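*Asks:* Structure of the sequence below:
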Amino acid sequence: MIHDEEILLFTKELGRLIQDYYNCECEKIKNDIYNDILLLSEVINPK
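*Replies:* So this is what the prediction gives:
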């Protein structure tokens, strides 16, 4: 189980990744960022 401090850190990183995703023009990199967003989202809020 992850701690509150880790959730905060992951949430901040998720925000940065989302910004990077919207600002990115390269589809390959954009796809990689999207996959990172999905992975981090799963860590923050597991099913």
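*Asks:* quick one: low-confidence ranges for the chain?
*Replies:* Applying pLDDT under 70 to the chain flags no residue at all.
*Asks:* biggest helix in it, by residue count?
*Replies:* Under DSSP state H, the helix in the chain containing the largest number of residues is helix 4-23.
*Asks:* and the helix or strand that it is followed by, what does it pack onto?
*Replies:* Per DSSP states H and E, the first helix or strand lying C-terminal to helix 4-23 is helix 27-44. Applying 3 or more C-beta pairs under 8 Å, 6 or more residues apart in numbering; DSSP states H and E, we find helix 27-44 packed against helix 4-23. To be clear about C-beta, it is placed using only N, CA and C from the backbone, and glycine gets the same treatment.
*Asks:* Go through stretch 3-23 and flag the buried ones.
*Replies:* 10, 14, 17, 21 (16 or more other C-beta atoms under 10 Å).
*Asks:* Was I right to think the second one contacts residue 44?
*Replies:* Yes. In this structure, residue 14 sits in contact with residue 44. The criterion is C-beta atoms under 8 Å, and the distance is 6.9 Å.
*Asks:* Was I right to think residue 40 contacts residue 10?
*Replies:* Yes. Look at residue 40 against residue 10 with C-beta under 8 Å: they come within range, at 5.8 Å.
*Asks:* Next, residue 3: phi, psi?
*Replies:* phi -90, psi 170 (degrees, to the nearest 10).
*Asks:* roughly how far apart are it and residue 44?
*Replies:* Distance, residue 3 to residue 44, by C-beta to C-beta, to the nearest Å: 12 Å.
*Asks:* now residue 18
*Replies:* 13 Å.
*Asks:* next one: residue 10
*Replies:* On the measure of C-beta to C-beta, residue 10 and residue 44 end up 5 Å apart.
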